[in-house]
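Visitor: What shape does this take:
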Amino acid sequence: MNKITGEYESLTSWKNAEDPAPGVFSDSIDPAGTNEYFLLWNGSQRYWRSGAWNGHYFDLIPPKKPFIELIFINDKQWRGTTCTLYNRSIITRMVMDLTGQIKQFIWLESSQEWLMFWSQPPAQCDVYSLCGPFGICDQGSLPSCRCPHGFQPASPKNWSLKDWSSGCQRKTQLRCREDDQFFMMPNMQLPVNNQPLKVQSHEECIAACLNNCSCTAYAYTYSGGCFLWNGKLQNLRQLYDGDGASITLYLRLAASELMTSGRNNKTVYVVAAVAVVGVLVILVGLAWRYHRKRVTNSMKELGGSLVLFTYDDLRRATRNFSKKLGGGGFGSVYKGLLPDSTAVAVKKLEGLRQGEKQFRTEVSTLGSIQHVNLVRLHGFCSEGAKKLLVYEFMPNGSLDSYLFQNDCVMLNWRTRYEIFLGIARGLAYLHEKCIECIIHCDVKPENILLDAQLCPKVADFGMAKLVGRDFSRKQRSSRNWRKRLFPCMGSE
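Guide: Numbering: from 1, shown residues only. Next up is the predicted model:
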């Protein structure tokens, strides 16, 4: 801030990827006169702060930049920050990105590209109203912005250019009719600008929203709390199981939208299922019915989520364990196909020391763990010495297959950064948010799997306790993670 003229110098995002006109995100020194600065949405809504300057660094920006010195100045003319480079051979730039994050990059001469090494806020969905009105920010998907059921992008062209500020619009407009219904959206962050209402029951909360033509959503807590939202919903964010601040949000839609998603689709599925079953019955008759009965009886659910397979089920699913995906210290992994055409990865455990009861207890614990960055356990098999685990199948394999290719551009820097964040989120969930916290003990690229969208999922967590091995005696790999994820970088 120029104290003499009152002008502000700030970073402002572009409108979209092709238009350098000012966008909705910017930074600003605190107009109130304190020695901190903020990131702003629409010039007013603060969604991140630097913390106060303590004489050495800003409280919320610890000094982690090895070649840059950030200094706060407050003299007769200026109040703000300045950067000094320790190494003049380095080229660096700072931008306010379309994502609403302030980012710093360095230029890598060897690969001729910019490497982002610092950003705030670190999670993209921490940016206020990134996805615009009614848009949902989902950290677990790419791109991060999507529209809820019954909505579509208000400007598809802008969305394709990563400008989500226009948000989403209804496919069918509300007419304030009594037959409007609500679409359930679990694990959502509480949107801003809610109106609390004291009610006696869930039904009263529903009625309060339906009787108000401006009401577009409601949430109800069993402690008697009712929250209503009028007009456009801002700052919608998808959370996941284990996130403490999640609620179930009920979004108001025209009845026809819910009928389309529910009744019509259900009818299509039922008709298709009947037709398929009829054809199969004609083709294979009693033999098919006998097979289905056998499979159904053998695949019993444990605790409402895990499936108990027989060894023969998995032998047939893997075609006698013919397609091996890989192997390691815990056993070999094979690709399989279940009767409903679901692809799975079947791990045959080796060197198991657990008893039957303890094995099932540990497997049940692992089956209850669900996170977007953790490989999900579908079921298991336990027949004497035959112990197998059935996981979701990851079509892009393990991370090590990407890191050790000769061509270092297979994963761009942005993808590598997102993979790092996903791994960290998965491990943080295991360490801090599980009912029974789990330490992995064997984190390495071979145990990081990638789904169809290259979203990382940590695998083999909890195996040390399940198999009963002492990892304190196991020799650990000394390879440097940073070099493995960034193989084209130098040692600095």
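Visitor: From now on I want contacts and neighbour counts done on CA atoms only, so please keep to that.
Guide: Will do.
Visitor: Provide the strand pairings for the helix or strand hosting residue 116, with the direction of each partner.
Guide: In this assignment (DSSP states H and E), residue 116 forms part of strand 113-120. The strands beside strand 113-120 in its sheet (DSSP bridges) come out as strand 102-108 (antiparallel).
Visitor: Export the strand it pairs with to PDB, keeping only CA atoms.
Guide: The C-alpha trace of strand 102-108 is given here as PDB (Å, rounded to 0.1, in the frame of the first residue of the first chain):
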ATOM      1  CA  ILE A 102      -1.300 -17.800  -4.600                       C
ATOM      2  CA  LYS A 103       1.600 -19.800  -6.100                       C
ATOM      3  CA  GLN A 104       5.300 -19.500  -6.400                       C
ATOM      4  CA  PHE A 105       7.300 -21.200  -9.200                       C
ATOM      5  CA  ILE A 106      10.900 -21.700 -10.100                       C
ATOM      6  CA  TRP A 107      12.200 -22.300 -13.600                       C
ATOM      7  CA  LEU A 108      13.900 -25.700 -14.300                       C
END
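Visitor: Quick one: mean pLDDT over that strand.
Guide: Per-residue pLDDT over strand 102-108 has a mean of 86.
Visitor: again, but for stretch 238-256
Guide: Mean per-residue pLDDT for stretch 238-256: 81.
Visitor: in it, what counts as buried?
Guide: 238-240, 242, 246-255 (16 or more other C-alpha atoms under 10 Å).
Visitor: same thing with stretch 47-62?
Guide: Within stretch 47-62, the residues scored as buried using 16+ other C-alpha under 10 Å are 48-51, 53, 57-58.
Visitor: any idea what sits nearest residue 158, other than its immediate chain neighbours?
Guide: Nearest residue to residue 158 in three dimensions, chain neighbours excluded: residue 164, at 6.7 Å (C-alpha to C-alpha, 6 or more residues apart in numbering).
Visitor: Give the full set of residues in contact with the one you found.
Guide: Contacts for residue 164 (C-alpha atoms under 8 Å, 6 or more residues apart in numbering) come out as 130-132, 135, 145, 158.
Visitor: Could you pull out the strands in the stretch 101-250 of the chain for me?
Guide: For the stretch 101-250 of the chain, the strands defined by DSSP state E, counting those that start in this stretch cover 102-108, 113-120, 136-138, 145-146, 151-153, 168-170, 181-189, 195-198, 215-220, 225-230, 236-238, 246-253.
Visitor: Tally up the residues packed near residue 347, please.
Guide: 22 (other C-alpha atoms under 10 Å).
Visitor: Quick check: closest non-adjacent residue to it.
Guide: Leaving aside its sequence neighbours, residue 347 sits nearest to residue 333 (C-alpha to C-alpha, 6+ apart; 4.3 Å).
Visitor: again with residue 318
Guide: Nearest to residue 318 is residue 336, by C-alpha to C-alpha, 6+ apart, at 4.1 Å.
Visitor: how much space between the one you found and residue 159?
Guide: 38 Å (C-alpha to C-alpha, to the nearest Å).
Visitor: between the two, which one's more packed in?
Guide: When residue 336 and residue 159 are compared on other C-alpha under 10 Å, the one with more neighbours turns out to be residue 336, at 26 against 21.
Visitor: now that one, what's its secondary structure?
Guide: State at residue 336, reduced to three classes by DSSP: H, G, I helix; E, B strand; the rest coil: strand.
Visitor: So what pairs up with it in the strands?
Guide: Beta-bridge partners of residue 336, as defined by DSSP bridges: residue 344.
Visitor: Could you list which residues are in contact with it?
Guide: By C-alpha under 8 Å, 6+ apart, residue 336 lies in contact with 314, 317-319, 323, 343-346.
Visitor: so who does residue 83 touch?
Guide: Shown here is residue 83, whose contacts under the criterion C-alpha under 8 Å, 6+ apart are 68-71.
Visitor: Quick one, which of these are buried?
Guide: Neighbour-count burial (16+ other C-alpha under 10 Å) applied to those gives residue 70.
Visitor: and which of the contacts of residue 83 is nearest to residue 462?
Guide: For these, the residue nearest residue 462 by C-alpha to C-alpha is residue 68; the value is 40.3 Å.
Visitor: Please report how far the closest one lies from residue 11.
Guide: From residue 68 over to residue 11 the distance is 18 Å, taken as C-alpha to C-alpha.
Visitor: ditto for residue 382
Guide: From residue 382 to residue 11 the distance is 60 Å (C-alpha to C-alpha).
Visitor: Over to residue 76?
Guide: Distance from residue 76 to residue 11, by C-alpha to C-alpha: 23 Å.
Visitor: who has more neighbours, the two?
Guide: residue 11 (17 against 9).
Visitor: what's around residue 197, how many residues?
Guide: There are 14 residues near residue 197, going by other C-alpha under 10 Å.
Visitor: what does residue 21 give?
Guide: Neighbours around residue 21, by other C-alpha under 10 Å: 10.
Visitor: Hmm, it is touching residue 15, no?
Guide: Yes. If you go by C-alpha atoms under 8 Å, residue 21 and residue 15 touch, sitting 5.4 Å apart.
Visitor: before we move on, the earlier item: I'd like the contacts of residue 164 laid out as JSON lines, including pLDDT and distance to residue 107.
Guide: Shown next, in JSON lines, are those (pLDDT from 0 to 100; distance: C-alpha to C-alpha, whole Å):
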{"residue": "130", "pLDDT": "93", "distance to residue 107": "27"}
{"residue": "131", "pLDDT": "94", "distance to residue 107": "30"}
{"residue": "132", "pLDDT": "93", "distance to residue 107": "32"}
{"residue": "135", "pLDDT": "95", "distance to residue 107": "34"}
{"residue": "145", "pLDDT": "93", "distance to residue 107": "29"}
{"residue": "158", "pLDDT": "89", "distance to residue 107": "29"}
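Visitor: Next, the contact list for residue 9, please.
Guide: Residue 9 neighbours (C-alpha under 8 Å, 6+ apart): 1, 28.
Visitor: With residue 1 instead?
Guide: Shown in contact with residue 1 (C-alpha under 8 Å, 6+ apart): 7-9, 29, 78-80.
Visitor: residue nearest the centroid of this structure?
Guide: residue 140 (1.8 Å; C-alpha atoms, centre = their mean).
Visitor: hey, what's the closest residue in space to residue 195 that isn't next to it in sequence bridged with?
Guide: Sequence neighbours aside, residue 228 is the residue nearest to residue 195 in space, at 5.1 Å (criterion: C-alpha to C-alpha, 6+ apart). Taking DSSP bridges as the rule, residue 228 bridges to residue 195, residue 218.
Visitor: what's around residue 228, how many residues?
Guide: Using other C-alpha under 10 Å, residue 228 has 23 neighbouring residues.
Visitor: and it, how far is that from residue 258?
Guide: Taken as C-alpha to C-alpha, the span from residue 228 to residue 258 is 20 Å.
Visitor: Show the pLDDT at residue 387.
Guide: As predicted, residue 387 sits at a pLDDT of 89.
Visitor: Hmm, I typed the wrong one, I wanted residue 391.
Guide: Listed pLDDT for residue 391 reads 91.
Visitor: Contacts only, for residue 324.
Guide: 332-335.
Visitor: For the residues you listed, give me a markdown table that also has distance to residue 446.
Guide: Below are the contacts of residue 324 laid out as a markdown table (distance: C-alpha to C-alpha, whole Å):
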| residue | distance to residue 446 |
| --- | --- |
| 332 | 13 |
| 333 | 12 |
| 334 | 15 |
| 335 | 16 |
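Visitor: Buried only: go through those residues for me.
Guide: 332-335.
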